[in-house]
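Peer 1: Sequence isn't available, so here's the structure alone:
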């Protein structure tokens with residue numbers, strides 16, 4: 001039996017703001033949007049161009065307080081071939097990327113961004 005990762009879900013306070021962040025920062029495209037006004041929630045599925053994996057943004061219309069991320073959540077990850085150019089671009093967009101880092105002090109391999117809801121996104125050299 002074969003299994004395929006299809007999506008990961010995060011809950012967001014402002015669907016439009018979060019959608020714009022992922023589109024601007026990573027070029028994600030809106031694959032589909034499902035509105036359930038009678039149940040007071042909306043789902044937006046974002047996908048990297050050409051990729052099968054989706055990020056599901058869930059907006060619960062009546063959520064008033066920011067979600068607690070807890071101490072079990074760590075991060076999402078996206079890959080990029082030119083890490084330094086990506087870091088400069090995110091700086092120019094005013095997205096506040098963290099410094100370039102390497103594992104155990106080694107060569108720069110990644111950096112982090114924080115989305116509008118506080119979720120960390122690791123940008124990894126591929």
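Peer 2: Okay, I see it. Treat the numbers as computed from the prediction; the structure is a model and nothing was measured.
Peer 1: C-alpha from now on. contacts and neighbour counts both.
Peer 2: Fine.
Peer 1: pretty sure residue 87 contacts residue 97?
Peer 2: Yes - between residue 87 and residue 97 there is a contact under Cα atoms under 8 Å: 6.7 Å.
Peer 1: Spit out the residues that contact those two alike.
Peer 2: residue 111 (Cα atoms under 8 Å, 6 or more residues apart in numbering).
Peer 1: domains for the chain, by residue range?
Peer 2: As assigned by automatic domain parsing, the chain contains the domains 1-64, 74-126.
Peer 1: would you turn these into TSV with mean neighbour count and mean pLDDT?
Peer 2: Listed next are the domains of the chain as TSV, based on neighbours: other Cα atoms under 10 Å; pLDDT from 0 to 100:
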stretch	mean neighbour count	mean pLDDT
domain 1-64	15	96
domain 74-126	15	96
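Peer 1: okay, how far is it across stretch 117-126, tip to tip?
Peer 2: 26 Å (Cα to Cα, to the nearest Å).
Peer 1: Please apply the same query to stretch 51-64.
Peer 2: 33 Å.
Peer 1: can you list contacts of that stretch?
Peer 2: 5-15, 18-19, 40-48.
Peer 1: Narrow those to those in helices?
Peer 2: 15, 18-19 (DSSP state H).
Peer 1: could the residues you listed go into JSON lines alongside distance to residue 80?
Peer 2: Below are these laid out as JSON lines (distance: Cα to Cα, whole Å):
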{"residue": "15", "distance to residue 80": "25"}
{"residue": "18", "distance to residue 80": "20"}
{"residue": "19", "distance to residue 80": "20"}
